[in-house]
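Undergrad: kindly generate the corresponding structure for this input.
(2 chains)
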Amino acid sequence: MLDRLRFPHPWLSLTLFVMWQFLSDGISGGSIVLGLILAWIIPLMTQGFWPDPPTLLKAWKTPAYLLRVLWDIVVASVDVARLILSPREPRPMFICYTLELKDPLAISILASTISLTPGTVSADVSDDNTLLLIHALDAEDEQEVIDTIRNRYEKPLLEMFQ
Amino acid sequence: MSTFAEYAISAMLIIGGVFTLIGAIGLARLPDFYTRLHGPTKATTVGVGAIVISSVIYFSTLGRGIGIEEILITAFLFMTAPISANFLAKAAMHLEVRTSEKTRGQTWDQ
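TA: So this is what the prediction gives:
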């Protein structure tokens, strides 16, 4: 029984606890108890999905990365909106992207970033975690898209995780 | 509520509405399944983002503090939107959905 009472991912537990306090209307005895239960039970239930705790080495670099992604979302959204409204046909393309990242969490963050920035959706990761299949809505040149992703998103993530 | 706040809220609501509308138009106009995937993911990111910002401004002018809930809504949306897009794309690849003739490059099968 006692060995069940542990926190395999302390940071995840802390995040869940804090998030629950924000979600419930004001901090009260009840919200603290329920927050503790959730912070204990959710990491235990999802443990199988990430056996190794993620290794985020340079956490102070995350705000800069988030700001860059937010800015790109706004800029690229306008581009896609213009493309949808213009009479010109889009030039869709599937692109195979060779990953330099190894960490599974870093890869999923990169894939999410690619999907969030308009114009590209990540469709699949190869089984050995080395290739990412990307669908671009309007791409002129394959190499251009690859270079943008490499320089703007993967390099900062590489610095953060390795 | 000050006039400035009202203008800011209205502007944000209009921007959000316009982007959501364009996302919906894209869903109708784009040629194949994969390109249509782009429409809704964009609408959720910028459209919902703008509407959430207007909600933050509205509730902070009421003097009830900055709405953490709205920021959490954005965070959850930004986490879940790429995952649903990814699942849709994977399902489409599995079913070998037809792509438009203009599409260059190949999907893979494993």
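
Undergrad: does residue 18 belong to a helix, a strand or coil?
TA: Unless you meant another one, I'm taking chain A. Assigned by DSSP: H, G, I helix; E, B strand; the rest coil, the conformation of A:V18 is helix.

Undergrad: can the longest helix along chain A be said to contact chain B?
TA: Using DSSP state H, we find that the single longest helix of chain A is helix A:62-85. Yes: using C-beta under 8 Å from any C-beta of the partner chain, helix A:62-85 comes into contact with chain B via A:I73, A:V74, A:S77, A:V80, A:A81, A:I84, A:L85. For glycine as for every other residue, the C-beta is placed from the backbone atoms N, C-alpha and C.

Undergrad: could I get those residues as a markdown table with neighbour count, pLDDT and distance to A:A111?
TA: Putting the residues of helix A:62-85 next to chain B into a markdown table (neighbours: other C-beta atoms under 10 Å in any protein chain shown; pLDDT from 0 to 100; distance: C-beta to C-beta, whole Å) gives the following:
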| residue | neighbour count | pLDDT | distance to A:A111 |
| --- | --- | --- | --- |
| A:I73 | 18 | 83 | 15 |
| A:V74 | 14 | 84 | 20 |
| A:S77 | 24 | 83 | 19 |
| A:V80 | 25 | 82 | 19 |
| A:A81 | 21 | 84 | 23 |
| A:I84 | 23 | 83 | 24 |
| A:L85 | 11 | 84 | 28 |
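
Undergrad: could you work out the most separated pair of the residues you listed?
TA: Greatest spacing in those, by C-beta to C-beta: A:I73 and A:L85 (18.5 Å).

Undergrad: so where do the strands sit in chain A?
TA: Taking DSSP state E as the test, the strands found in chain A are A:93-98, A:120-125, A:131-136.

Undergrad: show me what the helix-or-strand element of chain B with minimal mean pLDDT is packed against.
TA: Here the helix or strand of chain B ranked lowest by mean pLDDT, DSSP states H and E is helix B:33-42, holding a mean of 77. Counting contacts by 3 or more C-beta pairs under 8 Å, 6 or more residues apart in numbering or on different chains; DSSP states H and E, helix B:33-42 is packed against helix A:62-85, strand A:120-125, strand A:131-136, helix B:3-29, helix B:68-94.

Undergrad: as JSON lines, these with distance to A:Y153 would be great.
TA: Shown next, in JSON lines, are the helices and strands packed on helix B:33-42 (distance: least, C-beta to C-beta, whole Å):
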{"stretch": "helix A:62-85", "distance to A:Y153": "8"}
{"stretch": "strand A:120-125", "distance to A:Y153": "10"}
{"stretch": "strand A:131-136", "distance to A:Y153": "11"}
{"stretch": "helix B:3-29", "distance to A:Y153": "23"}
{"stretch": "helix B:68-94", "distance to A:Y153": "13"}
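
Undergrad: for chain B, see how far away the spatially most central residue of chain A is.
TA: The residue lying closest to the centre of chain A (C-alpha atoms, centre = their mean) is A:I109, at 2.6 Å. According to C-beta to the nearest C-beta, to the nearest Å, A:I109 stands 10 Å off from chain B.

Undergrad: and for A:V145?
TA: A:V145 sits 11 Å away from chain B, going by C-beta to the nearest C-beta.

Undergrad: thought A:P92 was touching B:Y34?
TA: Yes: counting by C-beta atoms under 8 Å, A:P92 touches B:Y34, with 6.4 Å between them.

Undergrad: so A:F94 is in contact with B:T103, correct?
TA: Yes: using C-beta under 8 Å, A:F94 is in contact with B:T103, at 6.8 Å.

Undergrad: of the strands of chain A, which is nearest B:V48?
TA: strand A:120-125 (17.4 Å).

Undergrad: now look at the closest one and say if it contacts chain B.
TA: Yes: using C-beta under 8 Å from any C-beta, strand A:120-125 reaches chain B at A:V121, A:S122, A:A123, A:D124.
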